[in-house]
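1. Pasted the sequence and its predicted model underneath.
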Amino acid sequence: MRVTRRAVLKGLLAAGVGTASGVGAYGYVYGRHDLEVTRATVPVVGLPPALTGLRIGLLTDVHRSQWVSHEDVIHAVARLMDERPDVIVLGGDYVTYGGGSHHEYVGPSADALQPLSARYGVFGILGNHDDDHDMPAALAARTRITVRGEPIDLVGIRYWTRRGADIAPLLRGATGTVVLLAHDPRRLTEAAAYNIPLVLSGHTHGGQVVLPLVGAIAAQKFPVVAGIGHRDRTTIFVSRGVGTIYVPVRVNCPPEVAVLTLQPAA
């Protein structure tokens, strides 16, 4: 029997659809729940010797919703607490579209995060899905903590804070190591302009779906999609986060909580 080009193309298309369906099913059933603990050593320019080895826990993008269950969040909290970080940072997006039809998840999200505690405190900012009224307020100004006698200035900004002129006032008077807590990693540009040594972000979900050869299509607009990046004297760490958005699937991009150990940059 003669095999036509059309028949071959139809066969390949069917195989591709089947493969995509299989990958999608795996990402839905397993991939989005396969939480990892990412442990990374993060170089920080000008880090005082007393802060070497400080461990920061980063948990972000919970996106509590019908697709991200209470058990998913509780599991992430438990895994992070098992690591016993010195300080914990929450990076925003505690629910999907805070308020409105998802208002019901605001309280449960906060309840699931309640067990978090650390020696030097737990600090959080808001993401683009969080409601200013229903979720805890973002850091309105610089917050200073002292670790082993050394000050650390935590500068928290809302997702919608994008201009350097709006960030600059929060830096006035900072004498310690400055850490910018910015949900959107695109704030790396402003941080580098102000010589902020460290930025902690989320928002990208690591791309959520990362395809071979193609990469994270949905996150290509960001300077860093996941993990450690640098610009001039500024280091950034971007977490893949815990939850999902738009489609409840993760492919080649497992959810994570991160534990970052600070060290002086070479």
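-> Thanks, I have it. Numbers count the residues shown, from 1 in each chain.

2. excluding its backbone neighbours, what's nearest residue 179?
-> Using CB to CB, 6 or more residues apart in numbering and skipping the chain neighbours, the partner closest in space to residue 179 is residue 198 (4.8 Å). The way it works is simple: take the backbone N, C-alpha and C, and place the C-beta from them, glycine included.

3. and if you look at residue 206?
-> Per CB to CB, 6+ apart, closest to residue 206 is residue 240, 3.3 Å.

4. what about the one you found, distance to residue 118?
-> 21 Å (CB to CB, to the nearest Å).

5. The two: which is more packed in?
-> Shown here are residue 240 and residue 118; by other CB atoms under 10 Å, residue 240 has more neighbours (28 against 18).

6. Which pLDDT value goes with the more buried one?
-> On the pLDDT scale, residue 240 is placed at 98.

7. The one 4 residues further on too?
-> According to the per-residue confidence, residue 244 scores 96 in pLDDT.

8. What is the burial count for it?
-> Neighbour number of residue 244 under other CB under 10 Å is 25.

9. what kind of secondary structure is the spatially closest residue to it that is not a sequence neighbour in?
-> Nearest residue to residue 244, sequence neighbours excluded (CB to CB, 6+ apart): residue 32, at 5.3 Å. Three-state assignment for residue 32 (DSSP: H, G, I helix; E, B strand; the rest coil): helix.

10. and the gap between residue 32 and residue 91?
-> To residue 91, residue 32 is 18 Å away according to CB to CB.

11. what do you get for residue 125?
-> 7 Å.

12. Next: residue 210.
-> 20 Å.

13. the more surrounded of these two?
-> When residue 210 and residue 91 are compared for neighbours, residue 91 comes out ahead with 28 against 19, by other CB under 10 Å.

14. Quick check: residue 205 vs residue 254, distance?
-> In terms of CB to CB, residue 205 sits 11 Å off from residue 254.

15. which residues do the two both contact?
-> Common neighbours of residue 205 and residue 254, using CB atoms under 8 Å, 6 or more residues apart in numbering, are residue 240.

16. which one of those two has more residues nearby?
-> The neighbour comparison of residue 205 against residue 254 (other CB under 10 Å) goes to residue 205, with 28 against 17.

17. Run a quick check on the more buried one versus residue 253, I expect a contact.
-> Yes: using CB atoms under 8 Å, residue 205 is in contact with residue 253, at 7.1 Å.

18. what touches both of the two?
-> Residues touching both residue 205 and residue 253 (CB under 8 Å, 6+ apart): residue 240.

19. From the chain's centroid, how far away is stretch 146-162?
-> 16 Å (CA atoms, centre = their mean, to the nearest Å).
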